[in-house]
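Asks: predicted model and sequence below, questions to follow.
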Amino acid sequence: MSVSEDQVAEAMYAMIKEYHGKRNLKALDLSKAMIEKFGEEECDKKFCKKAIRQLIDSGRCTYSYVGGSYIVLPPDSPDAR
Amino acid sequence: MVEKLRDTPKIDELMKGPWPSFVKEIKLSAKLSGRAGERANDLLGVLERSYNDKIGHWKHGGIVGVMGYGGGVIGRYNDLPEEFPKVAHFHTVRVNQPSGWFYKTDVLRKICDLWEKHGSGVTNMHGSTGDIILLGCATEDLEPVFADLTEMGFDLGGSGSDVRTPSACCGMARCEWACYDTMGACHDITQTFQDELHRPAFPYKYKFKFAGCPNDCVASVARSDMSIIGTWRDDIQMDAAAVSEYAQSGKFDMQADVVGRCPTGCMSWDGQKLAIDNRNCVKCMHCINAMPKALAPGRDRGATVLLGSKAPIVGGALLSSVMVPFLKMEPPYEDLKELAEAIWDLWGEHGKNRERVGEFIQRIGMSNFLEQIGLDPIPEMVIQPRTNPYIFFETEEEE
C-alpha cells in the first residue's frame, strides 16, 4: 500500500474537523469516506480501523455518545473552538 | 462520614415492608466515610427531589470515558448540580464480568473496596447486560478506577454502538445439561473481539449470549442479537428404569404432566414404557426438566445460532430467528466468528443509526439478508407461514 496509516489518519482528522459542530461522524462514515478517497486497494476497512485507533489513542479525537457512538474532537482541542 | 443524612420522607416509605430496599442500601452507603458517603447522600437527595417533582433529574451521554476506549462508561449527570454537587457527575462504569459470573470472595471484597475509594459504594450485581455495574463515578475518578481495575485483572465492558460484553450461563461448570462449553466460548469471543468491544463502530449495539441448553437461563433468545443456544441432534438419552421409578413415585402423572405437555406430541406412554419420536422433538427440554434422572440431552451436542432479538428500547421487542440450526461448538469457534463478521460487514454498511440487526433484517427482508451474508435458506428459519399471496420465482426457477 502506498498510502500510509498516518495519511489516512490525517485525512480522517481533517474530515472530523470540517464537520465539527455540523454533523456527528461515526467510525463507518469515516471509513467509507477514506475508501472512496484513497480507493479500496489502498485503504480497506481494517486499515481505516487502525487509523481511527491512532486518532483515539493519541487523544486527538475521542468517542462521544449522543444516541449512538461518534468520533469527535475533544472539547479542549484548539480545533474544536 | 456525612454529618447529616438528607431528609427523605418520601423515599423512606420504600424501606417499609418485608422486601429488600434499595433506599436502605443507599443509606448504608451514605454512612461510608469520604466521597463515597457524600455521593450516596446526595443521591438520596436527588431521588427524594424526583419523587417530589415527579420527574427524573438525570441525563446521560456525552464525552466521557477512559483514554482509548469508546465504551465501558455511561455518562450520567444530574440537572441540579448546584443543589446536589456531589452527584453532578454520577457515571456508570461497566466492568467485564468473568464468564458464568464466578468470583472468589476476596475479589469481590477488592471490587467493593475500590468502589468505596473512587465511587459511591453503590453497585448493581449484575446489570441486565451481565456486567458488574459500578454506579456513581466523577469524571476525574474514571482513570484511577480503570487503573485499579486493570491491576486486578479486570477490564471495562461494552457500551454504545459496539459489541456489548458477551455473557454466558454457568454451563459445564455447574450444569449437567450444557451442550457445549459456554464459558469457554464466551471467553474466546470476548478476547477475539476486543477491538469491536472497546471501539464502537457499528450502527448500534450487538450482544452475544451463550446458553448451554434450550432452557436458555441467560434469556439469549430474547435479549441478545446473536443467541448461541446449546442443543443436540441425536436422540434424547433415556434410562428406562429411572422413567419407571418416576412413574411409580406418584409425584406426577406421566401422561398429563410429561407426555401431554410435549409441544409437538412426539412422546407416548402406555403405562409402562415411554417412547419418543426424536425426529419430531423440538428440544423444548420440558420432559428432561421433569425427569432429570431419567432423561438427558443426546450425545451429539453443539449449538443453534440465532439472530436478531432485542429488548424494547428504540423499537419493539424481537425474538431471535434461527440462522444455523446446528453448529459444533469447538475452539477456536471459527465458523461462529466468520458468521458474526459477515453480519457486521453487511449491517455496518447498510444499517441505520440505532438500528439493531433484528430490525435491519425486518427492513431488508430475511431472504435478502441471507443472500448477502452467504447463508442458504432452510426450513428452520421460517417463523410463520407467509400471508402474502403473491409468490415470485426467480426466472431460472420458472424455466
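Replies: It's in. Residues are numbered from 1 along each chain as shown, chains lettered A, B, ... in the order given.
Asks: drop to CA atoms for contacts and neighbour counts, all remaining ones
Replies: Fine.
Asks: got the contact list for residue B:283?
Replies: B:214, B:231 (CA atoms under 8 Å, 6 or more residues apart in numbering or on different chains).
Asks: per-residue pLDDT, it?
Replies: Note for residue B:283: predicted pLDDT of 96.
Asks: dump the residue contacts of residue 39.
Replies: This is for chain A. Contacts of residue A:39 (CA under 8 Å, 6+ apart): none.
Asks: let's do chain B instead
Replies: B:30, B:86, B:87, B:119, B:120, B:136.
Asks: what about residue B:50, distance to residue B:36?
Replies: As judged by CA to CA, to the nearest Å, residue B:50 and residue B:36 stand 21 Å apart.
Asks: sitting in helices, which of the contacts of residue B:39 do you find?
Replies: Among those, the members falling in helices (DSSP state H) are residue B:30.
Asks: quick one: which of the contacts of residue B:39 is nearest chain A?
Replies: residue B:136 (17.9 Å; CA to the nearest CA).
Asks: name the element the spatially most central residue of chain B belongs to?
Replies: Nearest residue to the geometric centre of chain B (CA atoms, centre = their mean): residue B:129, 4.9 Å. Assigned by DSSP states H and E, residue B:129 falls within no helix or strand.
Asks: same deal with residue A:49?
Replies: helix A:45-57.
Asks: check the offset of that helix from the chain's centre.
Replies: Its chain's average C-alpha position is 8 Å from that of helix A:45-57, according to CA atoms, centre = their mean, to the nearest Å.
Asks: kindly report the same for stretch B:3-20.
Replies: Using CA atoms, centre = their mean, the mean C-alpha position of stretch B:3-20 is found 31 Å from that of the whole chain.
Asks: CA atoms of that stretch as CSV?
Replies: Coordinates of the C-alpha atoms in stretch B:3-20 are reproduced here as CSV (Å, rounded to 0.1, in the frame of the first residue of the first chain):
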residue,chain,number,x,y,z
GLU,B,3,-22.7,14.9,59.2
LYS,B,4,-26.4,14.6,58.5
LEU,B,5,-28.2,12.3,56.1
ARG,B,6,-30.6,14.1,53.6
ASP,B,7,-34.1,14.4,54.8
THR,B,8,-36.1,11.9,52.7
PRO,B,9,-39.6,11.3,54.0
LYS,B,10,-41.0,10.1,50.6
ILE,B,11,-38.4,7.5,49.7
ASP,B,12,-38.3,6.4,53.3
GLU,B,13,-41.7,4.8,52.5
LEU,B,14,-39.8,2.4,50.2
MET,B,15,-38.0,1.0,53.2
LYS,B,16,-41.2,-0.3,54.7
GLY,B,17,-42.4,-3.8,54.1
PRO,B,18,-40.7,-7.2,54.1
TRP,B,19,-38.8,-6.8,50.9
PRO,B,20,-35.2,-5.7,50.3
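Asks: before we move on, the earlier item: check which helices and strands the helix holding residue A:49 sits against.
Replies: If you count contacts as 3 or more CA pairs under 8 Å, 6 or more residues apart in numbering or on different chains; DSSP states H and E, helix A:45-57 packs onto helix A:5-19, helix A:27-38, strand A:62-65.
Asks: what segments of the stretch 251-399 of chain B are strands?
Replies: Assigned by DSSP state E, counting those that start in this stretch, the stretch 251-399 of chain B shows strands spanning B:267-269, B:274-276, B:295-296, B:301-307, B:321-327.
Asks: let me have those in a markdown table, adding distance to residue B:362 and mean pLDDT as columns.
Replies: Formatted as a markdown table, these follow (distance: least, CA to CA, whole Å; pLDDT from 0 to 100):
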| stretch | distance to residue B:362 | mean pLDDT |
| --- | --- | --- |
| strand B:267-269 | 35 | 97 |
| strand B:274-276 | 36 | 97 |
| strand B:295-296 | 36 | 98 |
| strand B:301-307 | 12 | 98 |
| strand B:321-327 | 11 | 95 |
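Asks: let me have those in JSON lines, adding distance to residue B:176 and mean neighbour count as columns.
Replies: Listed next are the strands of the stretch 251-399 of chain B as JSON lines, based on distance: least, CA to CA, whole Å; neighbours: other CA atoms under 10 Å in any protein chain shown:
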{"stretch": "strand B:267-269", "distance to residue B:176": "23", "mean neighbour count": "17"}
{"stretch": "strand B:274-276", "distance to residue B:176": "21", "mean neighbour count": "16"}
{"stretch": "strand B:295-296", "distance to residue B:176": "9", "mean neighbour count": "19"}
{"stretch": "strand B:301-307", "distance to residue B:176": "13", "mean neighbour count": "23"}
{"stretch": "strand B:321-327", "distance to residue B:176": "20", "mean neighbour count": "20"}
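Asks: okay if I get the ones you listed as JSON lines plus distance to residue B:354?
Replies: Shown next, in JSON lines, are these (distance: least, CA to CA, whole Å):
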{"stretch": "strand B:267-269", "distance to residue B:354": "45"}
{"stretch": "strand B:274-276", "distance to residue B:354": "45"}
{"stretch": "strand B:295-296", "distance to residue B:354": "41"}
{"stretch": "strand B:301-307", "distance to residue B:354": "17"}
{"stretch": "strand B:321-327", "distance to residue B:354": "20"}
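Asks: still on that earlier bit, neighbour count for the contacts of residue B:39 - can I get that in TSV?
Replies: Listed next are the contacts of residue B:39 as TSV, based on neighbours: other CA atoms under 10 Å in any protein chain shown:
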residue	neighbour count
B:30	28
B:86	23
B:87	27
B:119	29
B:120	31
B:136	28
